[in-house]
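Q: just the structure for this:
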Amino acid sequence: MNPYLPAFPRILLLLTLICLTACHQDNPAPEPKATSPALPKDEILLPLDSAKRAYLRETKLVAMPAPLMEPVAGKLAYDETRTARVSSPLAGRVISGLPELGTATQAGAPLLELDSPDLGQAAKEYADAQADQTLAEQAFEREKKLFRVFLDSVSAIARDSVPTGSRPAWDF
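A: Next up, the predicted model:
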């Protein structure tokens, strides 16, 4: 049997008490700060030298009559014999050209001008494709010229290597 075993609970109790006394603080309670009087929630007070005062304007309140009828839900229907549906294959923002109501227009005439990021992207891709096609055509022409030079040199070598007047080996 271990002679130090009965002393273990005492040591554990002593260490616990030491830890607890180290955690204790003798700080006095902080003094409450002087608070300003509570303002109503719907008021803002600005100092006299505040730059925000330059943005404030005072106007007189004018009484207006209440509407005669409460707003009601409804559905707006167009006379299909007098109107036409206009749509665009591209999404975009109208930047100019809206005609006045009642203006007569010709079939196929542009009604407005759209600013569309989709159109800009399509134009960029078209320009890239044209540049790729031009490079491919130039590379093809270069390869064709090199092949012709190669064929000419091979035929010249073959022509020079066969003695004149002799029959080739493959001619039966």
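Q: mind listing the strands for this structure?
A: Applying DSSP state E to the chain gives strands spanning 93-96, 113-115.
Q: so can I have JSON lines of these showing distance to R159?
A: Yep, even glycine has a C-beta here, placed from its N, CA and C like the rest. Output for the strands of the chain, formatted as JSON lines (distance: least, C-beta to C-beta, whole Å):
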{"stretch": "strand 93-96", "distance to R159": "70"}
{"stretch": "strand 113-115", "distance to R159": "66"}
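Q: return the most buried member of the ones you listed.
A: Per-stretch averages of neighbours, counted by mean count of other C-beta atoms under 10 Å, single out strand 113-115 among the strands of the chain, with a mean of 13.
Q: picking up where we left off before, can I get the strands of the chain in CSV with mean pLDDT and distance to P67?
A: CSV is the format used below for the strands of the chain (pLDDT from 0 to 100; distance: least, C-beta to C-beta, whole Å):
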stretch, mean pLDDT, distance to P67
strand 93-96, 85, 32
strand 113-115, 84, 38
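Q: who wins for proximity to A77 among those strands?
A: For A77, the closest of the strands of the chain is strand 93-96, at 24.1 Å, according to C-beta to C-beta.
Q: elements contacting the closest one?
A: Packing partners of strand 93-96 (3 or more C-beta pairs under 8 Å, 6 or more residues apart in numbering; DSSP states H and E): strand 113-115.
Q: with adjacent residues omitted, what lies nearest to the most centrally placed residue in the chain?
A: With distances taken as C-alpha atoms, centre = their mean, P117 lies nearest the centre of the chain, 12.1 Å away. In space, and not counting its chain neighbours, P117 is closest to G92: 7.4 Å by C-beta to C-beta, 6 or more residues apart in numbering.
Q: S116 now?
A: Distances taken as C-beta to C-beta, 6+ apart place G92 nearest to S116, at 3.1 Å, with adjacent residues excluded.
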